[in-house]
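> Provide a 3D model corresponding to the input given below.
(one chain, ligands or ions: 2)
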Amino acid sequence: MKRNILITGGAGFIGSHVVRLFVNKYPDYHIVNLDKLTYAGNLANLKDIEDKPNYTFVKADIADLDEMRRVVREFKIDGIIHLAAESHVDRSIKDPFTFARTNVMGTLALLQAAKEYWETQPEKYGGKRFYHISTDEVYGALEMTHPTGIPAPFTTKASSGKNHEAYGEEFFVETTKYNPHSPYSASKASSDHFVRAYHDTYGMPTIVTNCSNNYGPYQFPEKLIPLFINNIRQRKPLPVYGKGENVRDWLFVEDHARAIDLIFHKGKISETYNIGGFNEWKNIDIIKVIIKTVDRLLGNPEGASLGLITYVTDRLGHDMRYAIDSRKLQRELGWEPSLQFEEGIERTVRWYLQNSEWMENITSGEYEKYYDEMYGK
Ligand code: NAD
Ligand code: DAU
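Ligands and ions are numbered 1, 2, ... in the order given. Next up is the predicted model:
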(Lines give C-alpha, C1' and ligand atoms only; values in the text may rest on other atoms or scores of the structure.)
(Ligands and ions follow the chains in the order given, each with its own letter.)
Protein backbone atom coordinates (compact mmCIF):
# COMPACT_ATOMS: atom_id res chain seq x y z
CA MET A 1 0.00 0.00 0.00
CA LYS A 2 1.26 3.47 -0.86
CA ARG A 3 1.60 5.82 2.10
CA ASN A 4 3.18 9.20 2.78
CA ILE A 5 4.78 9.13 6.22
CA LEU A 6 6.24 12.14 7.99
CA ILE A 7 8.97 11.27 10.51
CA THR A 8 10.08 14.25 12.60
CA GLY A 9 13.51 14.35 14.24
CA GLY A 10 14.80 11.78 11.76
CA ALA A 11 18.31 13.23 11.76
CA GLY A 12 18.68 12.54 15.48
CA PHE A 13 19.65 9.38 17.30
CA ILE A 14 16.47 7.29 17.47
CA GLY A 15 14.84 9.05 14.50
CA SER A 16 17.66 8.05 12.16
CA HIS A 17 17.18 4.37 13.06
CA VAL A 18 13.43 4.70 12.47
CA VAL A 19 13.91 6.46 9.10
CA ARG A 20 16.43 3.82 7.97
CA LEU A 21 14.11 0.97 8.97
CA PHE A 22 11.08 2.47 7.18
CA VAL A 23 12.94 3.52 4.02
CA ASN A 24 14.47 0.06 3.61
CA LYS A 25 11.51 -2.02 4.72
CA TYR A 26 8.71 -0.15 2.91
CA PRO A 27 9.76 0.80 -0.64
CA ASP A 28 6.12 1.75 -1.39
CA TYR A 29 6.04 4.36 1.36
CA HIS A 30 7.32 7.85 0.76
CA ILE A 31 9.26 8.76 3.90
CA VAL A 32 9.58 12.49 4.58
CA ASN A 33 12.16 13.20 7.27
CA LEU A 34 11.57 16.65 8.80
CA ASP A 35 14.28 17.99 11.06
CA LYS A 36 15.53 21.41 12.14
CA LEU A 37 19.11 20.11 12.33
CA THR A 38 19.83 21.47 15.79
CA TYR A 39 23.16 20.54 17.39
CA ALA A 40 21.65 17.03 17.81
CA GLY A 41 20.56 16.56 14.20
CA ASN A 42 23.12 15.15 11.80
CA LEU A 43 22.47 14.10 8.21
CA ALA A 44 25.60 11.96 8.31
CA ASN A 45 23.46 9.55 10.38
CA LEU A 46 21.54 8.76 7.18
CA LYS A 47 24.28 8.67 4.53
CA ASP A 48 23.43 5.09 3.55
CA ILE A 49 19.81 5.85 2.59
CA GLU A 50 19.87 9.51 1.49
CA ASP A 51 19.71 8.65 -2.23
CA LYS A 52 16.83 6.19 -2.00
CA PRO A 53 13.91 7.17 -4.26
CA ASN A 54 11.32 6.85 -1.45
CA TYR A 55 13.15 9.31 0.86
CA THR A 56 12.93 13.11 1.14
CA PHE A 57 14.58 15.39 3.68
CA VAL A 58 12.97 18.69 4.72
CA LYS A 59 14.78 21.14 6.97
CA ALA A 60 12.13 22.82 9.13
CA ASP A 61 11.19 23.75 12.67
CA ILE A 62 8.20 21.88 14.10
CA ALA A 63 7.21 25.00 16.07
CA ASP A 64 6.57 26.87 12.79
CA LEU A 65 2.85 26.20 12.31
CA ASP A 66 2.62 27.59 8.77
CA GLU A 67 5.56 25.48 7.66
CA MET A 68 3.99 22.37 9.25
CA ARG A 69 0.73 23.13 7.40
CA ARG A 70 2.67 23.46 4.14
CA VAL A 71 4.65 20.23 4.55
CA VAL A 72 1.66 18.12 5.58
CA ARG A 73 -0.33 19.34 2.55
CA GLU A 74 2.49 19.30 0.01
CA PHE A 75 3.43 15.70 0.74
CA LYS A 76 -0.17 14.54 1.40
CA ILE A 77 0.91 13.09 4.71
CA ASP A 78 -1.30 10.30 6.08
CA GLY A 79 0.86 9.11 8.95
CA ILE A 80 3.13 10.94 11.37
CA ILE A 81 5.79 9.49 13.65
CA HIS A 82 6.84 12.37 15.87
CA LEU A 83 10.29 12.14 17.44
CA ALA A 84 11.64 15.70 17.08
CA ALA A 85 12.42 17.10 20.50
CA GLU A 86 15.02 18.65 22.71
CA SER A 87 16.08 15.48 24.50
CA HIS A 88 18.87 16.10 27.02
CA VAL A 89 17.95 16.57 30.69
CA ASP A 90 21.10 18.56 31.56
CA ARG A 91 20.41 21.07 28.78
CA SER A 92 16.81 21.45 30.00
CA ILE A 93 18.08 22.42 33.45
CA LYS A 94 20.09 25.26 31.89
CA ASP A 95 17.54 26.37 29.28
CA PRO A 96 13.95 25.22 29.98
CA PHE A 97 12.38 27.65 27.49
CA THR A 98 13.87 25.96 24.43
CA PHE A 99 12.34 22.71 25.69
CA ALA A 100 8.88 24.26 26.13
CA ARG A 101 9.08 25.83 22.66
CA THR A 102 10.08 22.71 20.75
CA ASN A 103 8.56 19.93 22.81
CA VAL A 104 5.27 21.60 23.74
CA MET A 105 4.60 24.27 21.10
CA GLY A 106 6.24 22.18 18.37
CA THR A 107 4.08 19.15 19.12
CA LEU A 108 1.00 21.37 19.24
CA ALA A 109 1.82 22.92 15.86
CA LEU A 110 2.25 19.50 14.31
CA LEU A 111 -1.03 18.23 15.79
CA GLN A 112 -2.88 21.30 14.54
CA ALA A 113 -1.39 21.10 11.04
CA ALA A 114 -2.33 17.41 10.77
CA LYS A 115 -5.82 18.04 12.11
CA GLU A 116 -6.52 20.85 9.63
CA TYR A 117 -5.27 18.83 6.66
CA TRP A 118 -6.92 15.54 7.60
CA GLU A 119 -10.27 17.20 8.25
CA THR A 120 -10.33 18.41 4.63
CA GLN A 121 -9.89 14.87 3.28
CA PRO A 122 -12.95 12.89 2.08
CA GLU A 123 -12.09 10.01 4.43
CA LYS A 124 -11.11 12.50 7.22
CA TYR A 125 -9.22 10.59 9.90
CA GLY A 126 -9.78 7.21 8.20
CA GLY A 127 -6.45 5.41 7.74
CA LYS A 128 -4.52 8.23 9.43
CA ARG A 129 -2.13 7.95 12.40
CA PHE A 130 -0.41 10.50 14.64
CA TYR A 131 2.14 8.54 16.64
CA HIS A 132 3.94 10.48 19.38
CA ILE A 133 7.20 9.13 20.81
CA SER A 134 7.59 9.87 24.48
CA THR A 135 9.67 8.82 27.44
CA ASP A 136 9.41 6.95 30.74
CA GLU A 137 10.66 10.12 32.47
CA VAL A 138 7.13 11.56 32.44
CA TYR A 139 6.21 9.08 35.18
CA GLY A 140 8.78 10.59 37.57
CA ALA A 141 11.15 8.48 39.63
CA LEU A 142 10.69 5.10 41.29
CA GLU A 143 11.88 4.28 44.78
CA MET A 144 15.08 2.34 45.19
CA THR A 145 13.77 -0.01 47.85
CA HIS A 146 16.43 -2.70 47.21
CA PRO A 147 19.78 -0.99 46.61
CA THR A 148 21.60 -4.32 46.37
CA GLY A 149 19.05 -5.75 43.93
CA ILE A 150 16.38 -8.46 43.99
CA PRO A 151 15.57 -10.96 41.26
CA ALA A 152 13.45 -9.10 38.71
CA PRO A 153 9.97 -10.49 38.22
CA PHE A 154 10.44 -10.82 34.44
CA THR A 155 13.33 -11.52 32.13
CA THR A 156 13.56 -10.61 28.46
CA LYS A 157 16.20 -11.27 25.82
CA ALA A 158 17.65 -7.85 26.70
CA SER A 159 18.21 -8.77 30.33
CA SER A 160 19.03 -12.45 29.89
CA GLY A 161 22.79 -12.03 29.91
CA LYS A 162 23.40 -10.95 33.47
CA ASN A 163 22.23 -12.05 36.88
CA HIS A 164 18.96 -10.20 36.39
CA GLU A 165 18.12 -7.70 39.08
CA ALA A 166 15.53 -5.07 39.94
CA TYR A 167 16.13 -2.34 42.47
CA GLY A 168 12.55 -2.02 43.71
CA GLU A 169 9.19 -3.75 43.48
CA GLU A 170 7.50 -0.99 41.52
CA PHE A 171 7.59 -0.48 37.73
CA PHE A 172 6.13 2.17 35.46
CA VAL A 173 2.94 0.87 33.83
CA GLU A 174 0.77 2.67 31.28
CA THR A 175 -1.58 3.88 34.02
CA THR A 176 1.14 5.24 36.33
CA LYS A 177 0.31 8.84 37.22
CA TYR A 178 2.43 11.46 35.50
CA ASN A 179 4.89 13.12 37.88
CA PRO A 180 7.71 14.71 35.85
CA HIS A 181 10.57 16.40 37.68
CA SER A 182 12.94 17.94 35.13
CA PRO A 183 12.06 20.69 32.65
CA TYR A 184 12.70 18.07 29.92
CA SER A 185 10.26 15.53 31.34
CA ALA A 186 7.72 18.26 32.17
CA SER A 187 7.81 19.39 28.54
CA LYS A 188 7.42 15.81 27.27
CA ALA A 189 4.53 15.20 29.73
CA SER A 190 2.84 18.34 28.48
CA SER A 191 3.22 17.24 24.86
CA ASP A 192 1.76 13.82 25.71
CA HIS A 193 -1.27 15.55 27.24
CA PHE A 194 -1.79 17.64 24.10
CA VAL A 195 -1.64 14.53 21.91
CA ARG A 196 -4.27 12.78 24.02
CA ALA A 197 -6.36 15.96 24.14
CA TYR A 198 -6.45 16.03 20.31
CA HIS A 199 -7.79 12.48 20.36
CA ASP A 200 -10.36 13.12 23.08
CA THR A 201 -11.52 16.48 21.70
CA TYR A 202 -11.31 16.14 17.91
CA GLY A 203 -11.16 12.36 17.44
CA MET A 204 -7.63 12.52 16.04
CA PRO A 205 -6.20 8.97 15.66
CA THR A 206 -3.29 9.20 18.10
CA ILE A 207 -0.97 6.73 19.81
CA VAL A 208 1.62 7.51 22.51
CA THR A 209 4.52 5.31 23.56
CA ASN A 210 6.83 5.81 26.54
CA CYS A 211 10.22 4.20 26.22
CA SER A 212 13.15 3.67 28.58
CA ASN A 213 16.78 4.77 27.97
CA ASN A 214 18.05 3.91 24.50
CA TYR A 215 21.64 3.13 23.57
CA GLY A 216 23.40 2.28 20.31
CA PRO A 217 25.12 3.86 17.28
CA TYR A 218 24.57 7.53 16.32
CA GLN A 219 23.73 8.82 19.83
CA PHE A 220 24.99 12.32 20.49
CA PRO A 221 27.94 12.22 22.95
CA GLU A 222 26.25 14.31 25.62
CA LYS A 223 24.44 11.16 26.78
CA LEU A 224 26.09 8.78 29.23
CA ILE A 225 27.18 5.88 27.00
CA PRO A 226 28.69 7.66 23.94
CA LEU A 227 30.16 10.37 26.19
CA PHE A 228 31.98 7.79 28.28
CA ILE A 229 33.18 5.73 25.31
CA ASN A 230 34.59 8.88 23.72
CA ASN A 231 36.19 10.07 26.96
CA ILE A 232 37.89 6.71 27.53
CA ARG A 233 39.23 6.86 23.98
CA GLN A 234 40.59 10.34 24.65
CA ARG A 235 41.81 9.55 28.20
CA LYS A 236 39.49 12.21 29.68
CA PRO A 237 37.78 11.99 33.11
CA LEU A 238 34.48 10.08 33.30
CA PRO A 239 32.09 12.40 35.20
CA VAL A 240 29.83 10.21 37.38
CA TYR A 241 26.97 12.22 38.88
CA GLY A 242 26.51 11.82 42.65
CA LYS A 243 27.36 8.33 43.84
CA GLY A 244 26.63 6.64 40.51
CA GLU A 245 23.79 4.71 42.18
CA ASN A 246 20.93 5.93 39.99
CA VAL A 247 19.23 3.22 37.99
CA ARG A 248 18.22 3.32 34.33
CA ASP A 249 16.51 0.67 32.19
CA TRP A 250 18.44 0.25 28.93
CA LEU A 251 17.14 -0.78 25.50
CA PHE A 252 19.07 -1.16 22.23
CA VAL A 253 17.88 1.53 19.82
CA GLU A 254 17.09 -0.89 16.97
CA ASP A 255 14.71 -2.73 19.28
CA HIS A 256 12.95 0.58 19.96
CA ALA A 257 12.73 1.23 16.19
CA ARG A 258 11.22 -2.25 15.68
CA ALA A 259 8.64 -1.52 18.37
CA ILE A 260 7.78 1.80 16.69
CA ASP A 261 7.25 0.02 13.35
CA LEU A 262 4.98 -2.57 14.97
CA ILE A 263 2.97 -0.03 16.96
CA PHE A 264 2.60 2.37 14.03
CA HIS A 265 1.04 -0.43 11.97
CA LYS A 266 -0.74 -2.56 14.57
CA GLY A 267 -1.18 -0.40 17.68
CA LYS A 268 -4.70 0.52 18.79
CA ILE A 269 -5.77 4.14 18.32
CA SER A 270 -5.77 6.20 21.54
CA GLU A 271 -3.68 3.60 23.37
CA THR A 272 -0.46 4.07 25.30
CA TYR A 273 2.29 1.42 25.23
CA ASN A 274 5.37 1.29 27.44
CA ILE A 275 8.55 0.07 25.74
CA GLY A 276 11.45 -1.43 27.70
CA GLY A 277 13.40 -4.61 28.29
CA PHE A 278 13.34 -5.13 32.10
CA ASN A 279 17.03 -4.31 31.95
CA GLU A 280 17.90 -2.19 35.00
CA TRP A 281 21.45 -1.11 35.67
CA LYS A 282 23.01 1.15 38.28
CA ASN A 283 25.03 3.83 36.49
CA ILE A 284 28.29 2.76 38.13
CA ASP A 285 27.77 -0.87 37.05
CA ILE A 286 27.06 0.03 33.44
CA ILE A 287 30.06 2.38 33.48
CA LYS A 288 32.27 -0.54 34.55
CA VAL A 289 30.90 -2.66 31.69
CA ILE A 290 31.69 0.14 29.24
CA ILE A 291 35.20 0.57 30.60
CA LYS A 292 35.88 -3.15 30.40
CA THR A 293 34.57 -3.39 26.82
CA VAL A 294 36.43 -0.32 25.54
CA ASP A 295 39.68 -1.39 27.20
CA ARG A 296 39.41 -4.89 25.72
CA LEU A 297 38.63 -3.62 22.22
CA LEU A 298 41.45 -1.06 22.36
CA GLY A 299 43.87 -3.71 23.59
CA ASN A 300 44.41 -1.99 26.95
CA PRO A 301 45.13 -4.09 30.04
CA GLU A 302 41.94 -4.94 32.00
CA GLY A 303 40.98 -2.08 34.33
CA ALA A 304 43.33 0.39 32.64
CA SER A 305 40.63 3.08 32.45
CA LEU A 306 38.97 2.56 35.85
CA GLY A 307 41.11 5.42 37.19
CA LEU A 308 39.28 7.84 34.86
CA ILE A 309 36.11 7.54 36.98
CA THR A 310 35.54 10.93 38.62
CA TYR A 311 32.62 11.53 40.97
CA VAL A 312 31.15 14.99 40.33
CA THR A 313 28.32 17.12 41.71
CA ASP A 314 24.97 15.45 41.19
CA ARG A 315 22.49 16.53 38.50
CA LEU A 316 19.83 18.83 40.01
CA GLY A 317 16.64 16.88 40.80
CA HIS A 318 18.32 13.67 39.59
CA ASP A 319 15.64 10.95 39.25
CA MET A 320 16.70 7.87 41.22
CA ARG A 321 15.27 4.92 39.33
CA TYR A 322 13.42 4.27 36.07
CA ALA A 323 12.05 0.81 35.32
CA ILE A 324 9.51 0.05 32.61
CA ASP A 325 6.94 -2.70 32.61
CA SER A 326 6.42 -3.44 28.90
CA ARG A 327 4.24 -6.52 29.28
CA LYS A 328 1.21 -4.86 27.66
CA LEU A 329 3.18 -4.45 24.41
CA GLN A 330 4.40 -8.02 24.64
CA ARG A 331 0.92 -9.39 25.40
CA GLU A 332 -1.07 -7.37 22.87
CA LEU A 333 1.35 -6.98 19.95
CA GLY A 334 3.97 -9.66 20.60
CA TRP A 335 6.99 -7.31 20.78
CA GLU A 336 10.09 -8.36 22.66
CA PRO A 337 13.66 -7.05 22.62
CA SER A 338 15.79 -9.07 20.18
CA LEU A 339 19.22 -8.34 21.57
CA GLN A 340 20.90 -9.29 24.81
CA PHE A 341 22.35 -6.27 26.61
CA GLU A 342 25.96 -7.50 26.56
CA GLU A 343 25.74 -8.05 22.78
CA GLY A 344 24.23 -4.61 22.35
CA ILE A 345 26.98 -2.92 24.34
CA GLU A 346 29.66 -4.79 22.39
CA ARG A 347 28.10 -3.70 19.07
CA THR A 348 27.75 -0.13 20.35
CA VAL A 349 31.32 0.23 21.59
CA ARG A 350 32.69 -1.31 18.39
CA TRP A 351 30.61 1.11 16.32
CA TYR A 352 31.90 4.21 18.15
CA LEU A 353 35.50 3.01 17.99
CA GLN A 354 35.19 2.28 14.26
CA ASN A 355 33.44 5.59 13.52
CA SER A 356 35.83 8.03 15.16
CA GLU A 357 35.44 10.40 12.19
CA TRP A 358 31.67 10.66 12.85
CA MET A 359 32.48 11.43 16.48
CA GLU A 360 35.18 13.97 15.64
CA ASN A 361 32.90 15.82 13.21
CA ILE A 362 30.25 16.40 15.85
CA THR A 363 32.54 17.06 18.79
CA SER A 364 34.33 19.97 17.18
CA GLY A 365 33.16 23.59 17.49
CA GLU A 366 29.96 24.18 19.50
CA TYR A 367 30.27 20.88 21.34
CA GLU A 368 33.56 21.90 22.94
CA LYS A 369 31.89 24.98 24.41
CA TYR A 370 29.07 22.84 25.81
CA TYR A 371 31.54 20.32 27.21
CA ASP A 372 33.68 22.95 28.93
CA GLU A 373 30.64 24.65 30.48
CA MET A 374 29.25 21.32 31.68
CA TYR A 375 32.35 19.58 32.93
CA GLY A 376 35.08 22.24 33.08
CA LYS A 377 38.18 22.14 30.91
P1 NAD B 1 18.05 13.53 19.68
O2 NAD B 1 18.30 14.73 20.52
O3 NAD B 1 19.17 12.64 19.30
O4 NAD B 1 17.35 13.97 18.30
C5 NAD B 1 16.34 14.95 18.26
C6 NAD B 1 16.18 15.40 16.82
O7 NAD B 1 15.13 16.38 16.79
C8 NAD B 1 17.43 16.07 16.23
O9 NAD B 1 17.68 15.57 14.94
C10 NAD B 1 17.06 17.54 16.19
O11 NAD B 1 17.69 18.26 15.14
C12 NAD B 1 15.55 17.47 16.00
N13 NAD B 1 14.87 18.69 16.49
C14 NAD B 1 15.06 19.32 17.67
N15 NAD B 1 14.28 20.41 17.73
C16 NAD B 1 13.58 20.47 16.57
C17 NAD B 1 12.61 21.36 16.05
N18 NAD B 1 12.21 22.44 16.74
N19 NAD B 1 12.08 21.12 14.84
C20 NAD B 1 12.50 20.02 14.12
N21 NAD B 1 13.42 19.17 14.54
C22 NAD B 1 13.96 19.37 15.77
O23 NAD B 1 16.89 12.74 20.43
P24 NAD B 1 16.65 11.16 20.57
O25 NAD B 1 17.41 10.65 21.71
O26 NAD B 1 16.79 10.53 19.24
O27 NAD B 1 15.11 11.17 20.98
C28 NAD B 1 14.09 11.19 19.99
C29 NAD B 1 12.74 11.19 20.68
O30 NAD B 1 12.61 10.03 21.50
C31 NAD B 1 12.52 12.38 21.59
O32 NAD B 1 11.18 12.78 21.47
C33 NAD B 1 12.80 11.84 22.99
O34 NAD B 1 12.06 12.53 23.95
C35 NAD B 1 12.30 10.40 22.84
N36 NAD B 1 12.96 9.41 23.72
C37 NAD B 1 14.33 9.32 23.77
C38 NAD B 1 14.91 8.32 24.55
C39 NAD B 1 16.42 8.15 24.63
O40 NAD B 1 16.91 7.35 25.44
N41 NAD B 1 17.21 8.83 23.82
C42 NAD B 1 14.11 7.43 25.28
C43 NAD B 1 12.72 7.56 25.21
C44 NAD B 1 12.15 8.55 24.41
O1 DAU C 1 14.56 7.40 30.17
C2 DAU C 1 14.51 7.89 28.86
C3 DAU C 1 15.39 9.12 28.75
O4 DAU C 1 16.73 8.66 28.78
C5 DAU C 1 15.12 9.94 27.50
O6 DAU C 1 13.82 10.45 27.54
C7 DAU C 1 16.13 11.08 27.38
O8 DAU C 1 15.93 11.76 26.16
C9 DAU C 1 17.51 10.49 27.43
O10 DAU C 1 18.45 11.55 27.40
C11 DAU C 1 17.71 9.65 28.69
O12 DAU C 1 17.73 10.46 29.86
P13 DAU C 1 18.80 10.25 31.05
O14 DAU C 1 18.91 11.53 31.78
O15 DAU C 1 18.48 9.01 31.82
O16 DAU C 1 20.12 9.93 30.15
P17 DAU C 1 21.63 10.42 30.30
O18 DAU C 1 22.41 9.62 29.29
O19 DAU C 1 21.75 11.89 30.27
O20 DAU C 1 22.04 9.91 31.74
C21 DAU C 1 21.94 8.54 32.12
C22 DAU C 1 22.33 8.45 33.59
O23 DAU C 1 23.74 8.73 33.71
C24 DAU C 1 21.62 9.46 34.48
O25 DAU C 1 21.36 8.87 35.74
C26 DAU C 1 22.64 10.59 34.64
C27 DAU C 1 23.98 9.86 34.57
N28 DAU C 1 25.09 10.64 33.98
C29 DAU C 1 24.89 11.22 32.76
C30 DAU C 1 25.89 11.96 32.17
C31 DAU C 1 25.67 12.63 30.83
C32 DAU C 1 26.30 10.75 34.62
O33 DAU C 1 26.49 10.18 35.71
N34 DAU C 1 27.30 11.48 34.04
C35 DAU C 1 27.15 12.11 32.84
O36 DAU C 1 28.10 12.79 32.37
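> report the contact partners of residue 143.
Neighbouring residues of residue 143 by CB atoms under 8 Å, 6 or more residues apart in numbering: 168, 170, 320, 321. Just so you know, the C-beta spots here come from the backbone N, C-alpha and C atoms, and that holds for glycine as well.
> closest one of these to ligand 1?
Distances from ligand 1 to those, taken as CB to the nearest ligand atom, are shortest for residue 321 (15.4 Å).
> and the contacts of residue 143, which two are furthest apart?
Greatest spacing in the contacts of residue 143, by CB to CB: 170 and 320 (11.6 Å).
> which residues do these two both contact?
What both residue 170 and residue 320 touch, as defined by CB under 8 Å, 6+ apart, is the set 142, 143.
> residues near residue 197, how many?
A total of 14 residues lie near residue 197 under the criterion other CB atoms under 10 Å.
> I should have written residue 67 there, sorry.
Residue 67 - counted by other CB under 10 Å - has 17 other residues nearby.
> doesn't it fall inside a strand?
No. Checked against DSSP: H, G, I helix; E, B strand; the rest coil, residue 67 lies outside a strand; its state is helix.
> ok, back up a step: just the buried subset of the contacts of residue 143, please.
Buried subset of those (neighbour count, 16 or more other CB atoms under 10 Å): 168, 321.
> make CSV out of the contacts of residue 143 and add secondary structure, pLDDT and distance to residue 205.
Listed next are those as CSV, based on DSSP: H, G, I helix; E, B strand; the rest coil; pLDDT from 0 to 100; distance: CB to CB, whole Å:
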residue, secondary structure, pLDDT, distance to residue 205
168, coil, 95, 36
170, coil, 96, 32
320, coil, 98, 36
321, strand, 98, 34
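> just the pLDDT for residue 216.
For residue 216, the model assigns a pLDDT of 98.
> can you report phi and psi for the residue nearest to it when sequence neighbours are not counted?
Counting by CB to CB, 6 or more residues apart in numbering, residue 216 lies nearest to residue 253, which is 3.5 Å off, once chain neighbours are set aside. Dihedral pair for residue 253: phi -60, psi -30, per degrees, to the nearest 10.
> before we move on, what about residue 156?
Dihedral angles of residue 156 (phi, psi; degrees, to the nearest 10) stand at phi -120, psi 180.
> okay, it and ligand 1: tell me how far apart.
Taking CB to the nearest ligand atom, to the nearest Å as the measure, residue 156 falls 17 Å from ligand 1.
> residues touching that residue, list them.
Contacts of residue 156 (CB under 8 Å, 6+ apart): 277, 278, 279, 326, 336, 337.
> try it again with 6 Å
Residues near residue 156 by CB atoms under 6 Å, 6 or more residues apart in numbering: 277, 278, 336, 337.
> number of residues surrounding the closest residue to residue 67 other than its chain neighbours?
Nearest non-adjacent residue to residue 67, counting by CB to CB, 6+ apart: residue 60, 4.9 Å away. Counted by other CB under 10 Å, the residues lying close to residue 60 total 17.
> now the one 4 residues further on
By the criterion of other CB under 10 Å, residue 64 has 16 neighbours.
> what's across from the residue of the chain found nearest ligand 2 in the sheet?
Of all residues in the chain, the one sitting closest to ligand 2 is residue 135 (3.1 Å; CB to the nearest ligand atom). Taking DSSP bridges as the rule, residue 135 bridges to residue 211.
> so which residues on this protein come close to ligand 1?
8-9, 11-15, 35-38, 40-41, 61-63, 83-87, 102, 106, 133, 135, 188, 211, 213-214, 220 (CB under 6 Å from any ligand atom).
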